[in-house]
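Trainee: coords please:
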Amino acid sequence: MRLRTVLSALLFALAVTAAHAQTNKPDQAAAPAERAKPATPAPAAQTAARETPPEAKALQDATRINDGVKKIEALEKFKKDFPNSNSVITADFAILSTLAQKMSGQKPRIKAVAKLIYDGGKDKKEKGSRAGQIADTLVTDNVLLKDAEKYAKISLAALNQAEYIADQKAQAAKRVATATGRGGRGGTPPTEADLIKRFQESRAVRLATLGRVELKLGKTAAAQTLLDESYAVNANQPAVTAALGEIAAKQGNDAKAMDYLVTARLSGRSPASTNLALVTVYSKTHNGSAAGLDALLDAEYHKRFPNPVKVETYKPTEQRSDRGVLAEVFTGSGCPPCVGADLAFEAAMERYARKDLTVVMYHQHVPQPDPMTNPDTQARSKYYAVTGVPTYAVDGATLKGNGAGREGTKGIFDKVDSAIAEDLETAAEARLTVHATANGNTVHVSAAVDDVKSEAKDLKVHVLLLEKELTYSGENGIRFHPMVVRAMGGQDDDGFALTAGATSFDQAWDLDQVSAGLKKHLDEYEATGHRGNAFKFSEKKYQIDRANLAVAVFVQDVKTRHILQTVYVDLNPASPHISTEANASR
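Mentor: Okay, the predicted model is just below:
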């Protein structure tokens with residue numbers, strides 16, 4: 001899958017208002033999460049008020065077109081219709097990217113667009129930034145490498161530490177003055193050390209771009225010098241570790257190559273050539289076989305990336321009720337701010353037994369294609385009116401707060417833990433009995449509901465098929481994905497209506513059919529393209545591990561989304577499970 005570091009950020013900034021768009025930056029700490037009261041869907045007037053502005057919608061629609069010619073035509077029309085928009089530069093970069101990726105033979109045209117973008121910079125600073133983005137686009141698509149080298153050198157030369165620090169100080173002073181004039185505070189200005197660090201990190205990115213270009217031009221020694229310098233400042237650059245790993249492999253330095261290549265592979269953002277180099281080096285040192293490589297990657301991930309939150313096992317209070325709590329998480333394997341949320345709910349699953357807490361993960365193609373997404377998880381996202389990932393709800397009530405990187409996991413966990421603990425002391429509003437079996441290729445679930453303590457007229461029983469853990473290194477660096485929703489049951493996969501005449505329900509899944517449906521969705525999504533851009537899944541996670549399944553069943557008020565009761569059943573192909581016994585498992 002192709003990655004576009006700077007351009008993707010530009011395009012993403014545009015997409016934040018669209019449905020199913022990542023809305024948080026990876027370096028944002030988790031904001032205090034508030035418990036949203038279950039509510040009916042927004043009235044039409046409120047929905048209209050949240051509609052995407054025409055300018056943003058026009059650019060969104062243009063960037064999602066898959067056909068290169070039509071996409072560029074739409075982007076040019078956007079520029080003509082909104083000539084004063086701040087997003088014109090985004091459209092220009094989208095045009096350059098489309099040409100480089102889909103029309104690489106039109107070199108004069110690519111050169112012209114690159115020059116147009118560069119010349120549009122108002123000063124040395126902006127021209128340098130644009131030059132770096134141009135170089136990144138060209139080297140990513142392996143086109144006009146000499147031009148890429150020229151722009152990368154311009155970008156690097158445009159950085160001057162003294163000028164950078166002076167500019168940052170001036171901006172900080174302006175913020176303070178503005179805030180003071182409004183009666184507020186401008187915050188603590190950055191220290192000299194902070195500014196030097198920021199400068200070095202900015203320079204490291206440009207060093208990396210030039211290093212990648214030089215490597216593709218065959219200037220290995222120059223490339224290694226540049227990449228080493230970049231790596232010394234910031235080791236968390238998958239493109240750099242991938243390139244250094246491939247260089248070390250070609251030099252026969254297997255130990256060094258393995259260290260770099262494993263790091264790149266675990267990032268989830270390594271190119272196919274790097275993954276092949278890893279297999280080659282590993283096989284070279286393991287009797288010509290790649291057997292055991294996945295286990296090595298698993299072990300390295302656990303060693304390098306332990307969950308930052310340590311929990312104590314939940315001890316029920318005297319107020320512990322008969323409720324099983326449901327946490328629903330909308331996430332994406334290519335979503336950086338989903339990391340903190342994913343890890344927070346993993347920690348919650350460590351703290352609480354399954355009789356206390358059921359967690360289900362609905363994967364989405366946001367902001368990158370996610371091979372664990374399926375039509376049912378997408379439909380569930382629409383039901384919850386999800387406008388960004390991560391989004392999470394406890395017993396149907398969404399928790400308001402930002403996502404975060406690993407460093408923000410604890411903040412999210414604390415808020416989630418508080419909501420879970422509160423609901424565990426709230427009585428269930430229905431009794432739910434579940435009998436589930438997994439025999440061969442079939443999963444069968446029978447559910448019965450009684451003792452309903454709700455006046456709601458529109459209740460549904462939802463039955464979810466879960467895979468307890470999938471292994472996939474996504475672009476956000478998460479490797480292990482728990483409780484992945486593979487299918488939903490009921491009419492049109494949207495649950496069973498609970499009425500006075502219907503209180504017992506049966507759901508059966510043919511696992512071959514489920515797997516085929518997952519594959520069909522991934523194949524079609526890949527063929528259509530992601531937001532107008534061609535891509536290839538590095539893996540398609542459609543195969544079902546029959547020894548790794550579970551079922552979640554819950555009763556929900558359709559209008560308010562409130563959950564009345566939840567049951568989790570851990571499936572064992574050898575024997576059936578009844579809800580009360582199954583819930584005793586962790």
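Trainee: Only C-alpha atoms, please: export the host helix or strand of Thr437 in CSV.
Mentor: Per DSSP states H and E, Thr437 falls inside strand 431-439. In CSV, the C-alpha atoms belonging to strand 431-439 read as follows (Å, rounded to 0.1, in the frame of the first residue of the first chain):
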residue,chain,number,x,y,z
ARG,A,431,-32.9,-11.3,31.3
LEU,A,432,-31.0,-12.8,28.4
THR,A,433,-30.3,-16.5,28.1
VAL,A,434,-28.0,-17.7,25.3
HIS,A,435,-27.1,-21.1,24.1
ALA,A,436,-24.3,-21.2,21.4
THR,A,437,-22.3,-23.9,19.7
ALA,A,438,-19.6,-24.1,17.1
ASN,A,439,-19.6,-27.4,15.3
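Trainee: which parts of it are buried?
Mentor: 431-432, 434-438 (16 or more other Cβ atoms under 10 Å). C-betas here are computed from N, CA, C, even on glycine.
Trainee: Paired strands for that strand, with orientation please.
Mentor: Strand 431-439 sits in its sheet next to strand 442-450 (antiparallel), strand 577-578 (antiparallel), going by DSSP bridges.
Trainee: Columns mean neighbour count on top of those strands, output as a markdown table?
Mentor: Converted to a markdown table, those look like this (neighbours: other Cβ atoms under 10 Å):
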| stretch | mean neighbour count |
| --- | --- |
| strand 442-450 | 19 |
| strand 577-578 | 17 |
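Trainee: By mean pLDDT, show me the worst of those.
Mentor: Least confidently modelled of the strands paired with strand 431-439 is strand 577-578, at a mean of 46 by mean pLDDT.
Trainee: the helices in the stretch 101-250 of the chain, which residues?
Mentor: Listed in chain order, the helices of the stretch 101-250 of the chain (DSSP state H, counting those that start in this stretch) span 107-119, 124-140, 145-157, 161-181, 192-216, 220-233, 238-250.
Trainee: what sits against Arg431?
Mentor: Arg431 makes contact with 449-451, 565, according to Cβ atoms under 8 Å, 6 or more residues apart in numbering.
Trainee: relative to strand 442-450, how tilted is the helix or strand hosting Phe554?
Mentor: Using DSSP H and E, Phe554 maps to strand 549-557. In terms of direction (axes from the mean of the first three to the mean of the last three Cα atoms, to 10 degrees), strand 549-557 departs from strand 442-450 by 30 degrees.
Trainee: would you list every one of the helices in the stretch 251-400 of the chain?
Mentor: Assigned by DSSP H, counting those that start in this stretch, the stretch 251-400 of the chain shows helices spanning 254-267, 272-284, 293-304, 338-351, 375-383.
Trainee: do you know which of those helices lies nearest His363?
Mentor: With respect to His363, and counting by Cβ to Cβ, the nearest of the helices of the stretch 251-400 of the chain is helix 375-383 at 5.6 Å.
Trainee: circling back: tell me the one of the contacts of Arg431 nearest Ala157?
Mentor: Comparing the contacts of Arg431 against Ala157 with Cβ to Cβ places Gln565 closest, at 64.8 Å.
Trainee: Confirm that closest one sits in a strand?
Mentor: Yes - under DSSP: H, G, I helix; E, B strand; the rest coil, Gln565 falls within a strand.
Trainee: pLDDT score assigned to it?
Mentor: 98.
Trainee: Can you list phi and psi of Asp268 for me?
Mentor: Heads up, residue 268 is Gly, not Asp. Gly268 adopts backbone torsions of phi 80, psi 10, taken as degrees, to the nearest 10.
Trainee: Help me confirm that it comes into contact with Gly474.
Mentor: Yes - at 4.6 Å, Gly268 counts as touching Gly474 under the criterion of Cβ atoms under 8 Å.
Trainee: Which residue of these two possesses the greater neighbour count?
Mentor: Per other Cβ atoms under 10 Å, whichever of Gly268 and Gly474 has more neighbours is Gly474, with 28 against 21.
Trainee: Pull the contacting residues for the closest residue to the more buried one other than its chain neighbours.
Mentor: Spatial nearest neighbour of Gly474, excluding adjacent residues (Cβ to Cβ, 6 or more residues apart in numbering): Ser333 at 2.7 Å. Residues near Ser333 by Cβ under 8 Å, 6+ apart: 268, 363, 368, 370-372, 472, 474-476, 478, 481.
Trainee: now, among the residues you listed, which is nearest to Asp342?
Mentor: The nearest member of these to Asp342, counting by Cβ to Cβ, is Ile478 at 5.6 Å.
Trainee: Quick check: closest non-adjacent residue to that closest one.
Mentor: Among residues not flanking Ile478 along the chain, Asp342 sits closest, at 5.6 Å (Cβ to Cβ, 6+ apart).
Trainee: Assign a three-state SS to Ala508, would you?
Mentor: Following three-state DSSP, Ala508 is assigned to strand.
Trainee: Next, count neighbours for it.
Mentor: The burial count for Ala508: 11, using other Cβ under 10 Å.
Trainee: so can I have TSV of the helices of the stretch 251-400 of the chain showing mean neighbour count?
Mentor: Formatted as TSV, the helices of the stretch 251-400 of the chain follow (neighbours: other Cβ under 10 Å):
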stretch	mean neighbour count
helix 254-267	21
helix 272-284	18
helix 293-304	14
helix 338-351	25
helix 375-383	18
